[in-house]
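Trainee: Turn this into a structure:
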Amino acid sequence: MPLATALRQRRHSLRRVFDAIFYLLRTGCPWRFLPADFPPWQAVYYYFRRFRHDGLWAGILTALRQAERVRVGRHPQPSAAVMDAQSIKPVEESACISGYDGHKRVKGRKRHLLVDTLGLPISISVTSAGMHDKVGAYRLLAGLKPLVPRLEKIWADSVQAVFTGVAHGRPYAVIGLGLLVLIATPVVRVAATLVGFIRAKDPPYIAITAIVLTVLLLSFALGKAG
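Mentor: Next up, the predicted model:
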C-alpha cells in the first residue's frame, strides 16, 4: 500500500481548525455547538487532542513567553516565579473535575498557576476545588526543572511575594496587596478596639473583644492550614 494512502488525509485547513479552537476558548460553547461555518466539531476535537498529546500547546506557550521576555529586555528563561491557586465555580454543564473548597466555600474546580515576575504563565494545572494547594504545587513543579533551568526562587502565596511584586510594579502584586488589606482590616479594627478597652480598664469588654480577636485569628490560621 502506498504511503500516501496509508497516512490520514487532511480534509480541513489547519487555519480553520485553529480558528474554531480559538472560537471555543473565547465563547466557552460546547464542542457540539460549534457553528457550521467551521469544520465539524469531531475534526476540531481530534486536532485539539492530537496537538495536546504532541505537546504543541505547551511548546507555543513556552515560545510566546520567551519571546515576550526578550522583547522587554529580560532573559528568555526566568529565574524567579510566583505560585498561587484559585477556586472557581464552573458552569452547571461542567461535571468532570469537581470538588469542594471548605476554606473558600466554593464547589467546583481549582486552577493552580505558576507565573514569572512579568505574570507570564510557566505551568498550569486544573484540579478539583478540594485538592490541597501543596498537592497542586507538586503537580505544577513535576518535571519542570529541565524546561526552566534558571528557575531558582518561587514565591508561594506569601506576603513577601506581594510586597516584592509591588516594589517592581507587578499588576498581580497590586491586586494581592488590596486583597491583603481587605482581609486584615477586621483584625486590625478588633485589635485597636481591644487596646482601647485595656487602656480604659473595662474588664467585660476586654474579655469579649479578646474572644472575638481570638476567633478571627483562629479562623485565618485554620483556613491557611486547610
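Trainee: from here on, contacts and neighbour counts on C-alpha atoms
Mentor: Fine.
Trainee: Point out where the protein drops to low pLDDT.
Mentor: Across the chain, residues meeting the criterion (pLDDT under 70) sit at 1-8, 91-98, 101-104, 157-180, 183, 220-226.
Trainee: how about the strands in it?
Mentor: 80-88, 99-101, 106-116, 121-128, 153-156 (DSSP state E).
Trainee: Now do the helices in the protein.
Mentor: For the chain, helices defined by DSSP state H occupy the ranges 3-6, 14-27, 41-54, 56-71, 133-141, 159-167, 171-200, 203-225.
Trainee: Distance to residue 112 and mean neighbour count added to these, as a markdown table?
Mentor: Formatted as a markdown table, the helices of the chain follow (distance: least, Cα to Cα, whole Å; neighbours: other Cα atoms under 10 Å):
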| stretch | distance to residue 112 | mean neighbour count |
| --- | --- | --- |
| helix 3-6 | 42 | 8 |
| helix 14-27 | 19 | 14 |
| helix 41-54 | 19 | 14 |
| helix 56-71 | 16 | 15 |
| helix 133-141 | 6 | 16 |
| helix 159-167 | 16 | 16 |
| helix 171-200 | 15 | 14 |
| helix 203-225 | 16 | 14 |
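Trainee: among the ones you listed, which is nearest residue 81?
Mentor: helix 159-167 (9.4 Å; Cα to Cα).
Trainee: residue nearest the centroid of this structure?
Mentor: residue 113 (3.6 Å; Cα atoms, centre = their mean).
Trainee: okay, now the closest residue to residue 81 other than its chain neighbours: neighbour count?
Mentor: Counting by Cα to Cα, 6 or more residues apart in numbering, residue 116 is the residue found nearest to residue 81 once chain neighbours are left out, at 4.2 Å. Neighbour count for residue 116, taken as other Cα atoms under 10 Å: 20.
Trainee: Surely residue 116 touches residue 122?
Mentor: Yes. With contact defined as Cα atoms under 8 Å, residue 116 reaches residue 122; the gap is 6.8 Å.
Trainee: possible to save the helices of the chain as CSV with distance to residue 33?
Mentor: Converted to CSV, those look like this (distance: least, Cα to Cα, whole Å):
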stretch, distance to residue 33
helix 3-6, 32
helix 14-27, 9
helix 41-54, 8
helix 56-71, 23
helix 133-141, 32
helix 159-167, 41
helix 171-200, 35
helix 203-225, 40
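Trainee: Between those, which one is closest to residue 34.
Mentor: helix 41-54 (6.2 Å).
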